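A.B. asks: quick one: sequence and predicted model below, then my questions.
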Amino acid sequence: MKNLNTNFMAFNRHKRSPLHSSCPSQSSAFNKNRKFSAASLLLSLASLFVFLFVSFFHYQISLSHAASKNSSKLMALGKTSKTNTPPSLKEMIGQMLMLGFKGVTPSDKGSKDARILLKNGQIGGLIFMGHNMSSKTQITKLVSYMKKGSAKHLPPLLAIDQEGGQVQRLKEKHGFTTIPTASSIALANDQILALQTYQTLAEELAGAGFNVNFGPVVDLNIVPENPIIGARERSYGFKPETVQTYSSAFILAHRQNKILTSLKHFPGHGSSWTDSHEQFVDLTKSWKKVELAPYKLMVKEQLVDMVMVGHLYHPAFSDRDRLPASLSEKAIKGVLRRDIGYQGLVITDDLGMGAIKKYFEFDDALIKAVKAGNDILLIVDGKYATPSSISRIQNLIISAVKRGEIQRSAIEASYMRIIAAKKKLN
């Protein structure tokens with residue numbers, strides 16, 4: 001705890017300053033007035049020749065190693081456990097899928113199906129919901145069952161929504177600590193207390209076996225009456241600096257426990273008047289540019305493991321009329337990656353939410369989500385967590401690659417980001 005406090009306090013005090021460097025003056029290697037003997041001159045030339053030859057030799061070796069490294073990057077990041085061959089397109093697509101599942105105990109059919117998918121590399125992770133919970137012992141056993149059944153070279157992302165307040169899957173009745181709402185944390189105006197609170201949260205998650213927490217919420221509280229953010233006290237406030245401060249505490253505590261976090265909901269859900277879980281959300285008249293500030297601040301400080309993109313419509317983030325940011329290249333490849341400069345993992349919000357399923361066919365939404373630049377597709381509905389359903393989804397995306405609708409290079413880039421993130425968990 002002492003180290004974590006020190007890290008966070010150092011982060012708050014940290015100020016960038018220009019780097020100053022000085023180079024001591026050196027005397028000239030050769031003095032024009034100095035006379036060399038013939039023997040000394042020959043010895044010097046011989047030494048110089050040997051030095052140049054050795055340097056050139058090492059340079060050629062380094063070039064060869066660099067070329068070999070670049071050509072085998074995929075293999076190095078995610079080679080199969082039994083061979084040294086690069087992953088297939090189907091395997092890479094599998095890593096892009098994170099599913100919800102039906103099951104409470106390892107003996108349940110839904111749990112068995114999910115474990116088979118993980119073991120075969122058909123999916124990259126699972127999200128655990130309230131219906132998967134009954135007690136602390138049960139939860140820990142179920143998470144361990146999934147983790148141990150996975151391919152060792154591709155550890156699964158085992159995720160949960162554990163923000164605190166009303167969004168807390170692991171509850172007191174399950175044997176876990178009740179965490180205050182984001183609003184309450186910020187109102188207490190105590191950064192160390194916030195850090196200690198989130199340390200408790202992260203330690204309990206790690207103890208249960210989770211390695212991803214879908215938080216913190218960095219939405220600004222633009223509309224306090226907002227039914228999904230403001231009214232549920234999920235925002236730290238309306239000032240970007242306040243959101244940055246307490247989001248940083250959340251993230252640092254989780255990093256101390258090797259748990260990945262996810263900023264949400266890009267490009268900002270705090271100004272909406274409706275809930276994307278239920279219906280189409282149009283931010284055209286309410287969204288403000290300041291809502292991007294938390295993302296810019298956190299990216300600048302290298303405190304972002306993942307960004308969750310919301311099913312939120314605004315012309316500035318949409319490829320066409322009424323297409324949400326989660327399905328638009330303009331939002332992800334344009335604003336998030338190009339303008340803000342974020343190059344890490346991007347995940348969709350649940351593709352089964354009302355803002356998607358009421359307006360798009362499931363298959364169409366999947367293809368659009370990949371084309372938009374999402375690295376991970378989150379599908380909470382457990383009905384898809386079967387080998388046959390996942391094979392169909394994989395083949396659907398493969399077909400889109402074959403006809404040129406999705407670039408194979410985009411799949412490879414997503415795969416490399418996923419594997420790089422997983423390596424942090426070891």
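C.D. replies: Done, it's in. Computed from a prediction, not measured in an experiment: that's the story for all the values here.

A.B. asks: contacts, neighbours, all on C-alpha from now
C.D. replies: Fine.

A.B. asks: what's near enough to touch Leu126?
C.D. replies: Applying Cα atoms under 8 Å, 6 or more residues apart in numbering to Leu126 gives the contacts 98-101, 114, 156-159.

A.B. asks: mind putting the residues you listed into CSV with pLDDT?
C.D. replies: As requested, these are exported to CSV (pLDDT from 0 to 100):
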residue, pLDDT
Met98, 98
Leu99, 98
Gly100, 98
Phe101, 98
Ala114, 97
Pro156, 97
Leu157, 98
Leu158, 98
Ala159, 98
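
A.B. asks: neighbours of the closest residue in space to Lys422 that isn't next to it in sequence, just the number please.
C.D. replies: Counting by Cα to Cα, 6 or more residues apart in numbering, Pro155 is the residue found nearest to Lys422 once chain neighbours are left out, at 6.7 Å. Look at Pro155: counted by other Cα atoms under 10 Å, it has 23 neighbours.

A.B. asks: shaky segments in the stretch 101-250 of the chain?
C.D. replies: The model of the stretch 101-250 of the chain has pLDDT under 70 over residues 152.

A.B. asks: now the strands for it?
C.D. replies: 125-128, 157-160, 162-164, 167-168, 212-213 (DSSP state E, counting those that start in this stretch).

A.B. asks: would you turn the ones you listed into TSV with distance to Ile259?
C.D. replies: Formatted as TSV, these follow (distance: least, Cα to Cα, whole Å):
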stretch	distance to Ile259
strand 125-128	14
strand 157-160	9
strand 162-164	12
strand 167-168	16
strand 212-213	5
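
A.B. asks: in a strand, Glu278, correct?
C.D. replies: No: counting by DSSP: H, G, I helix; E, B strand; the rest coil, Glu278 is not found in a strand; it is coil.

A.B. asks: isn't it up against Ala355?
C.D. replies: Yes: contact between Glu278 and Ala355 holds when scored by Cα atoms under 8 Å: they sit 6.3 Å apart.

A.B. asks: between those two, which one's more packed in?
C.D. replies: Ala355 (22 against 13).

A.B. asks: tell me the helix or strand right after the one helix or strand that one maps to.
C.D. replies: In the assignment (DSSP states H and E), Ala355 maps to helix 354-357. Downstream of helix 354-357, the next assigned helix or strand under DSSP H and E is helix 362-372.

A.B. asks: check the gap between Ser318 and Ile332 for me.
C.D. replies: 10 Å (Cα to Cα, to the nearest Å).

A.B. asks: who has more neighbours out of these two?
C.D. replies: Set side by side, Ser318 and Ile332 show more neighbours around Ile332, with 28 against 20, by other Cα under 10 Å.

A.B. asks: nearest residue to that one in space, ignoring adjacent ones along the chain?
C.D. replies: The nearest residue in space to Ile332 (Cα to Cα, 6+ apart) is Gly373, at 6.0 Å.

A.B. asks: follow-up on the earlier one: turn the contacts of Leu126 into a markdown table, columns for neighbour count and distance to Val217.
C.D. replies: Shown next, in a markdown table, are the contacts of Leu126 (neighbours: other Cα atoms under 10 Å; distance: Cα to Cα, whole Å):
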| residue | neighbour count | distance to Val217 |
| --- | --- | --- |
| Met98 | 27 | 20 |
| Leu99 | 26 | 21 |
| Gly100 | 23 | 21 |
| Phe101 | 27 | 24 |
| Ala114 | 27 | 28 |
| Pro156 | 27 | 23 |
| Leu157 | 25 | 20 |
| Leu158 | 23 | 19 |
| Ala159 | 25 | 15 |
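
A.B. asks: include distance to Glu361 when you put these into a markdown table, please.
C.D. replies: Rendered in a markdown table, the data for these read as follows (distance: Cα to Cα, whole Å):
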| residue | distance to Glu361 |
| --- | --- |
| Met98 | 19 |
| Leu99 | 18 |
| Gly100 | 19 |
| Phe101 | 21 |
| Ala114 | 24 |
| Pro156 | 28 |
| Leu157 | 27 |
| Leu158 | 27 |
| Ala159 | 26 |
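
A.B. asks: all set now, cheers.
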